[in-house]
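Enquirer: got a predicted structure plus its sequence, pasted below:
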Amino acid sequence: MSKPKLFVSYSRKDVKYLEKFKVQIAALKRKGIIEDWNDQEIIGGDVWENTLKHQLEIADIIVFLVSADFIASDYIYDVEIKKAIERHRKGEVIVVPIIIRPCDFASLEISKFQALPKNAQSIFKWVDEDEAWLDVLLGIKKIFEGFKKNAPNTKKTESKAETVTNGSGSLKMKLAAGNLEEVNHQLLQITKAKDKDLHNSMIMQSSKYNRSKKEYTNDLLTVDQFKRSTAQIENALLAVVDELDLE
């Protein structure tokens, strides 16, 4: 439950670029930093559309491999892009377009998001394609480093009562009272205005919490598992409050 989940959307005609992207993130997967998914993971017997939509719902980051064929796909536009934007507006997911081939990227609603590689120059146009992919990887790593920086500390943490006594801020008091959703919403708004990296971390924490709730509701998590997940997220929110130094 602790690893951020990454969903990759692409046109079937760009599968070679999907494979190159998977090579770039291989080391992150090996280290257990991320967990990725794309429609090649669908196995025989799965209802493919239900599986894909479920993965869209639980992703922390949605990566779009953008090309003219990507733009031409009605399913990508009507389902994957619309769901990504809907979840981003709720503060639940980070959207990362990667321009792989020259196309009318500006025509897409996701063009408002910061694209990779730098200057939104398609990978195809780079003199050295390896350098382009390295730039993409560094951009992805920056997002995950921001998440890791504000992830719950595995060392012994203060009790809720101690935290409130030492900090006495309203957000910490709300967390101590169990108002996790309210604090999460407030921090999404605050970090959006104050700190992009912290905001990305907050989006991931929000996504993790929503995913835990859904899995608990669907009996995929036990009560103890849900409590542990919630406690980890609470600690992460406390870390964000401390870093913002709002008091």
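Expert: Nice, thanks for sending it over. Remember, it's a predicted structure, so these values are computed and weren't measured experimentally.

Enquirer: by mean pLDDT, which helix or strand of the chain comes out lowest?
Expert: helix 160-167 (a mean of 35; mean pLDDT, DSSP states H and E).

Enquirer: please tell me how far Glu57 sits from Leu220.
Expert: Using C-beta to C-beta, to the nearest Å, Glu57 is found at 13 Å from Leu220. Every C-beta, even on glycine, is put in place using the N, C-alpha and C of the backbone.

Enquirer: just the CA atoms of stretch 116-133, as PDB, please.
Expert: Extracted in PDB, the C-alpha atoms of stretch 116-133 (Å, rounded to 0.1, in the frame of the first residue of the first chain):
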ATOM      1  CA  LEU A 116       8.200  16.000 -20.400                       C
ATOM      2  CA  PRO A 117      10.900  16.100 -21.800                       C
ATOM      3  CA  LYS A 118      11.800  19.700 -21.100                       C
ATOM      4  CA  ASN A 119      10.200  22.500 -23.200                       C
ATOM      5  CA  ALA A 120       7.600  19.900 -24.300                       C
ATOM      6  CA  GLN A 121       9.900  18.900 -27.200                       C
ATOM      7  CA  SER A 122       9.000  15.500 -28.500                       C
ATOM      8  CA  ILE A 123      11.400  12.700 -27.900                       C
ATOM      9  CA  PHE A 124      11.400  12.100 -31.600                       C
ATOM     10  CA  LYS A 125      13.000  15.500 -32.200                       C
ATOM     11  CA  TRP A 126      15.900  15.200 -29.800                       C
ATOM     12  CA  VAL A 127      19.300  14.700 -31.400                       C
ATOM     13  CA  ASP A 128      20.100  12.100 -28.800                       C
ATOM     14  CA  GLU A 129      17.000  10.000 -27.900                       C
ATOM     15  CA  ASP A 130      18.800   8.600 -24.800                       C
ATOM     16  CA  GLU A 131      19.200  12.100 -23.500                       C
ATOM     17  CA  ALA A 132      15.500  12.800 -24.000                       C
ATOM     18  CA  TRP A 133      14.500   9.700 -22.100                       C
END
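
Enquirer: residues in contact with that stretch?
Expert: Residues outside stretch 116-133 that contact it (C-beta atoms under 8 Å, 6 or more residues apart in numbering): 17, 20-21, 24, 96-103, 105, 135-136, 139-140.

Enquirer: show me the strands in the chain, by range?
Expert: 5-9, 35-37, 61-66, 94-99 (DSSP state E).

Enquirer: more neighbours: Glu57 and Leu220, which one.
Expert: It is Glu57, of Glu57 and Leu220, that has more neighbours when counted by other C-beta atoms under 10 Å, with 16 against 12.

Enquirer: quick check: that one vs Glu181, distance?
Expert: The gap separating Glu57 from Glu181 is 17 Å, by C-beta to C-beta.

Enquirer: which of the strands of the chain sits closest to Asn235?
Expert: strand 5-9 (19.7 Å; C-beta to C-beta).

Enquirer: export that closest one as PDB, just CAs?
Expert: Output in PDB follows, covering the C-alpha atoms of strand 5-9 (Å, rounded to 0.1, in the frame of the first residue of the first chain):
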ATOM      1  CA  LYS A   5       1.000   3.600  -8.300                       C
ATOM      2  CA  LEU A   6       1.700   4.800 -11.900                       C
ATOM      3  CA  PHE A   7      -0.700   4.300 -14.800                       C
ATOM      4  CA  VAL A   8       0.600   4.500 -18.300                       C
ATOM      5  CA  SER A   9      -1.700   5.500 -21.200                       C
END
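
Enquirer: report the mean per-residue pLDDT for it.
Expert: The pLDDT scores in strand 5-9 average 94.

Enquirer: how far off centre is that strand?
Expert: 8 Å (C-alpha atoms, centre = their mean, to the nearest Å).
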